[in-house]
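Trainee: Got a sequence here, can you model it:
(one chain, ligands or ions: 3)
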Amino acid sequence: MTSKRASLRETRSWRFDLGVCVLGLLLLVWSLPVAWDGGWRVALAALVGAPLVVLVARFPMVLDNEDGGIEIGFDSIVLVYLMCTFDPLEALAVWGLGVLGTQSISGKRAASLLFNLGVGILAGGAAVGTFHVLDGGSTGTPRELAAVVAAATAYFFVDYVVSAISVAIDSHTPVRRHLVQAGTWVAVACFVPFDLLGYLAVVVLRSNPWWTLVLLVVPLATLLINTRAIVHARENSRRLSVLFEAAVRVQALHETGHVVDALLVDARRLIRLRDVDVRSSPPLTHEIGAQIRRGKDALWVVAPARDRARSTVGADQHALDALAVICSEAFARLQLTDEMVHYARHDPLTDLPNRGILLDRAAQALHRARRRGVRVALLFIDLDTFKPVNDRYGHAAGDAVLVDVARRLMENVRDEDTVARLGGDEFAVLLEDVAVGEVVEISDRILGSLAAGTDVAGHRVNLAASIGIAYGDGSESADALLRHADLAMYEAKGRGKAQYVAYEPEIGQARMRRLELVDELRAAIANRDLRVVYQPVVSAATGRIAGAEALVRWRLGENDVRTDMFVRLAEETEQVGALGELVLEIVAQDAAALEAVAGGPISLSVNVSARQLQDPGFVTAVERAVRSMGGVALVLEITERQEITDGSALEAMHTIAQMGVRFAMDDFGVGFSSISYLRDLPVDVVKTDAALSQHIDDDERARAVLRAVSVMAEALGLDVIVEGIEREGQLAAVREQVGAPYVQGFLLHRPMPIADLLSAVHANRFGDQPPAEQLTPVAL
Ligand code: C2E
Ligand code: MG
Ligand code: MG
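Mentor: Numbering: from 1, shown residues only. Ligands and ions are numbered 1, 2, ... in the order given. You can find the predicted model right below:
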């Protein structure tokens, strides 16, 4: 018997199918009373024949095409036997019962089932009718054989044609296409001769005892088992190509939704079942399914568990498992791609968008701003106090601060605004369609929330930021907007930090000037275009010059650039190392002449930035200087405003101290003012900041502070130099009430070129008539 395969679409042919079914059933109903009259003979045939039909029908040949497929069963072998042995209607009744049994346990959908039932009985009717018309009652003749062949052919073609019509209606395709199929003639060629096995059974039984029929079991079983093996092998190879195609196609998909769609289509094609589903719950009883991993959650591809001609439940399960692996791989690939894209566009620490996304969004916002005539604001936020936190508490604590800052920024902006991390301690906020008032309000809120401070490794740390604001109306590029905000941020830093400044063109010009200055300074250092002047350090008690401090000078055009200004510029632009080496070289050269005139111990101090101490070449530069300075002692002054927390800086200080070089803590009393520094660092001298001596001539409290510092330093075994002595009163106060051993200041000597220093030292040591005016005020 042949049967129409369940189509993948909803049944359009249901009317036709129903008609076929009704006709078949009518035929069966017509034949039943006649069979009833046949008595025990027919009853026995029904008892043996109907189950045999059911059994043989389980091993059909399957012919597939794109729109559906046809199953060719060999159960008509039994029909051939029946029609040669019984009356036409008796044979038809037994056959019909067999078909009914086959369909009732097929597990197919109702539509297919009813159609198959109808077509099976109708084809059986055609075969029985053909046989009885052509046979003419002759038994054991070639005519009977010819009638059997014609009946088998009629059976095949009725089943085949009716099935083809139904599939054509169902798939909305021409009938011709389903009639003329590759393999049809092969099927006829197999089917008709195999049906003759039924006739063989008739011939055997006519001349032999009934038990000889057992001999036919062997060819029948061979036929059925081989057919099943062929069908399964063909199906497996088809499934492999479906899986292969699915694996190739899924590579080209870039969205998870598309992968799910493809999965559903491929799963239906793979196991040729319409009721496949993709869902989040596992299979129930009477279902099979395979799990697909999609990120953290899982999906299931689920199908009915049904043994069919072409496949078993186990084979379907394997096929779904393989498809699930393909899809899981595709999801993993998409997830990886998503993560890579995310990492490429987000800061891994705070998960904030990075500069790339910020610029993209700024460009879009500017575009919209131009169309709608509104304003965009970009805030460039740089933390003021991050570096010391990072240095003191370590990078992990620094990271925690950055994450905390990111959170606070997010809390203080509107949902639609973009907060980005540009790198290091720099953040940005893009505000679209805002009024100036709102921007000011948001900036205030940000500064306020940072000022609340944060806990770092158990310590309360103050946070502050400088914010540069740039406004855009769409006439500028995103890059320019960011640059303007950056310049405004620098301006905020310059104006004392912890504030916001809105960009104005003048700020840009000042920045340009600064950039030019950086270039000019670089050239000046490279061309050794810097000078060094010396300011003597004098013994407060005796007036004897104990040494001199080297101070660098840079003349640009007509004027000197302020030293603290260009030193800071050098520090900010990584040039302070080169600058320091140049100063050390000049000082080392001048030392020889100084030693000659001094006639006794004398020192030269050189100012050093804490950053220089971290430079690996610095120790070598100091070593070289010490070698060429002969008897002149080298003192390195470290400004206290710079923290020395870096381990390598401390190590460098110890190495240098072992060369006999002494360290002075400069500008003591302002800046970081940590007294523990004096204990922990290899320091020999304290230079009190000019601010501490400014009022000592008229303020007892000022004198008391300076005295306390001096006493403390001396208790630690350190020398004290009081800086900033400009008036007689200050000098007297140091001598009489503070008790510090050394002083330095304009009253005694202004910074002077080396030649003047030499004459000043000579005069001071040997009582020469001082040639220069610098010595006039000295009354020590
Ligand atoms: P400093 O090391 O504290 O140097 C003393 C500063 O006070 C000098 O300013 C000096 O001219 C000034 N000064 C001296 N006596 C008096 C006084 O009685 N009254 C007042 N008001 N000021 C006085 P200068 O030369 O402008 O240097 C400023 C700062 O620049 C220095 O402060 C030092 O920190 C830094 N500096 C100077 N030369 C170098 C250098 O070669 N390398 C580095 N890294 N820094 C340097
Ligand atoms: Mg100094
Ligand atoms: Mg100083």
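Trainee: Flag every residue of the stretch 651-780 of the chain that's near ligand 3.
Mentor: Counting by CB under 5 Å from the ion, the residues of the stretch 651-780 of the chain lying close to ligand 3 are 666-667, 723. In this view, the C-beta of every residue, glycine as well, is placed from N, C-alpha and C.
Trainee: of these, list those near ligand 1.
Mentor: Applying CB under 6 Å from any ligand atom, the subset of those adjacent to ligand 1 comprises 666-667.
Trainee: which residues touch the nearest residue to Ala435 once chain neighbours are set aside?
Mentor: Closest residue to Ala435 apart from its sequence neighbours, by CB to CB, 6 or more residues apart in numbering: Arg375 at 7.3 Å. Arg375 is in contact with 369, 433-436, 471-473, counting by CB atoms under 8 Å, 6 or more residues apart in numbering.
Trainee: Only the buried subset of those residues, as a PyMOL command please.
Mentor: Here is the PyMOL command that selects the buried residues among the contacts of Arg375 (16 or more other CB atoms under 10 Å):
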select buried, resi 369+434+471+472
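Trainee: Let me know the closest of the contacts of Arg375 to ligand 1.
Mentor: Distances from ligand 1 to the contacts of Arg375, taken as CB to the nearest ligand atom, are shortest for Tyr471 (37.7 Å).
Trainee: The closest one: which element?
Mentor: Secondary structure assigned from DSSP states H and E places Tyr471 in strand 465-472.
Trainee: could you give the angle of the helix or strand following that strand to strand 465-472?
Mentor: Per DSSP H and E, the first helix or strand lying C-terminal to strand 465-472 is helix 478-494. Helix 478-494 runs at 140 degrees relative to strand 465-472, counting by axes from the mean of the first three to the mean of the last three CA atoms, to 10 degrees.
Trainee: Name the residues of helix 478-494 that are buried.
Mentor: For helix 478-494, a neighbour-count test (16+ other CB under 10 Å) marks 478, 481-493 as buried.
Trainee: ok, for the residue of the stretch 401-550 of the chain found nearest ligand 1, nearest residue in space, not its chain neighbours?
Mentor: Distances between the stretch 401-550 of the chain and ligand 1 by CB to the nearest ligand atom are smallest at Gln535, namely 5.5 Å. Distances taken as CB to CB, 6+ apart place Pro751 nearest to Gln535, at 4.2 Å, with adjacent residues excluded.
Trainee: and that neighbour, what pLDDT?
Mentor: Listed pLDDT for Pro751 reads 98.
Trainee: Ok, Ala182 next?
Mentor: Per-residue pLDDT puts Ala182 at 67.
Trainee: same deal with Ser3?
Mentor: 47.
Trainee: likewise Val533?
Mentor: If you check Val533, the pLDDT there is 98.
Trainee: so it, which of the three states?
Mentor: The three-state assignment at Val533 reads strand, by DSSP: H, G, I helix; E, B strand; the rest coil.
Trainee: That one - how many residues pack around it?
Mentor: Using other CB atoms under 10 Å, Val533 has 19 neighbouring residues.
Trainee: so what's Asn390 closest to, chain neighbours aside?
Mentor: Asn390 sits nearest to Gly398 (CB to CB, 6+ apart), 3.6 Å away.
Trainee: Would you agree that neighbour falls within a strand?
Mentor: No. Assessed with three-state DSSP, Gly398 is helix; it does not lie in a strand.
Trainee: who touches it in this structure?
Mentor: Going by CB under 8 Å, 6+ apart, Gly398 touches 386, 389-390.
Trainee: Also Thr454?
Mentor: Counted by CB under 8 Å, 6+ apart, Thr454 has contacts 401, 404, 460-461, 463.
Trainee: Out of those, the closest to ligand 2 would be?
Mentor: The shortest gap between ligand 2 and any of these belongs to Val461, at 29.5 Å (CB to the ion).
Trainee: Report pLDDT for the closest one.
Mentor: Note on Val461: pLDDT of 85.
Trainee: Can you get me a residue count around it?
Mentor: By other CB under 10 Å, neighbour count at Val461 equals 17.
Trainee: Who is it paired with across the strands?
Mentor: Thr454 (DSSP bridges).
Trainee: Contact partners for Arg177?
Mentor: Arg177 makes contact with Ala168, according to CB under 8 Å, 6+ apart.
Trainee: Let me see the mean pLDDT of the helix or strand where it lies.
Mentor: Per DSSP H and E, Arg177 falls inside helix 175-179. The average pLDDT for helix 175-179 rounds to 81.
Trainee: who touches the next helix or strand after it?
Mentor: Using DSSP H and E, the helix or strand that follows helix 175-179 in sequence is helix 184-207. The contact list for helix 184-207, computed with CB under 8 Å, 6+ apart, reads 61, 63, 70, 72, 74, 76-82, 84-85, 139-140, 145, 148-149, 152-153, 155-156, 160, 212-213, 215-216, 219-220, 223.
Trainee: from what I can see the residue of the stretch 401-550 of the chain closest to ligand 1 touches Arg750, true?
Mentor: Yes. Using CB atoms under 8 Å, Gln535 is in contact with Arg750, at 6.9 Å.
Trainee: Local confidence estimate at Arg58?
Mentor: Looking at Arg58, its pLDDT stands at 85.
Trainee: show me what contacts it?
Mentor: Counted by CB under 8 Å, 6+ apart, Arg58 has contacts 102, 309.
Trainee: In terms of secondary structure, what does the helix or strand where Leu114 lies contact?
Mentor: Element membership for Leu114, per DSSP H and E: helix 110-135. Helices and strands touching helix 110-135, by 3 or more CB pairs under 8 Å, 6 or more residues apart in numbering; DSSP states H and E, are strand 2-4, helix 14-37, helix 76-85, helix 88-104, helix 142-171.
Trainee: who wins for proximity to ligand 3 among these?
Mentor: Across these, ligand 3 has its closest neighbour in helix 142-171 (96.1 Å, CB to the ion).
Trainee: Can you check what angle separates that closest one from helix 14-37?
Mentor: Interaxial angle of helix 142-171 relative to helix 14-37 (the same axes, to 10 degrees): 150 degrees.
Trainee: Nearest residue to the middle of the chain?
Mentor: By CA atoms, centre = their mean, the mean C-alpha position of the chain lies nearest to Glu339, the distance being 2.6 Å.
Trainee: Could you check how far that one is from ligand 3?
Mentor: 54 Å (CB to the ion, to the nearest Å).
Trainee: can you check Ala591 too?
Mentor: With CB to the ion as the criterion, Ala591 and ligand 3 are 21 Å apart.
Trainee: in stretch 39-49, what counts as buried?
Mentor: For stretch 39-49, burial by neighbour count (16+ other CB under 10 Å) applies to 42, 45-46, 49.
Trainee: any chance you could map the strands in the stretch 251-400 of the chain?
Mentor: 277-279, 287-294, 297-304, 376-383 (DSSP state E, counting those that start in this stretch).
Trainee: from those strands, which stretch is densest packed?
Mentor: Most buried of these, by mean neighbour count (mean count of other CB atoms under 10 Å): strand 376-383, with a mean of 26.
Trainee: and it, what other elements does it pack with?
Mentor: The helices and strands touching strand 376-383, judged by 3+ CB pairs under 8 Å, 6+ apart, are helix 355-372, strand 426-432, helix 436-451, strand 465-472, helix 478-494.
Trainee: now the angle from that strand to strand 465-472?
Mentor: Put simply, strand 376-383 runs at 160 degrees to strand 465-472, going by the same axes, to 10 degrees.
Trainee: and strand 376-383, what's its mean pLDDT?
Mentor: Averaging pLDDT along strand 376-383 gives 97.
Trainee: Partner strands of that strand and their direction?
Mentor: Checking strand 376-383 against DSSP bridges gives partners strand 426-432 (antiparallel), strand 465-472 (antiparallel).
Trainee: Between those strands, which one is closest to ligand 2.
Mentor: Distance to ligand 2, taken as CB to the ion, is lowest for strand 465-472 among the strands paired with strand 376-383, at 27.8 Å.
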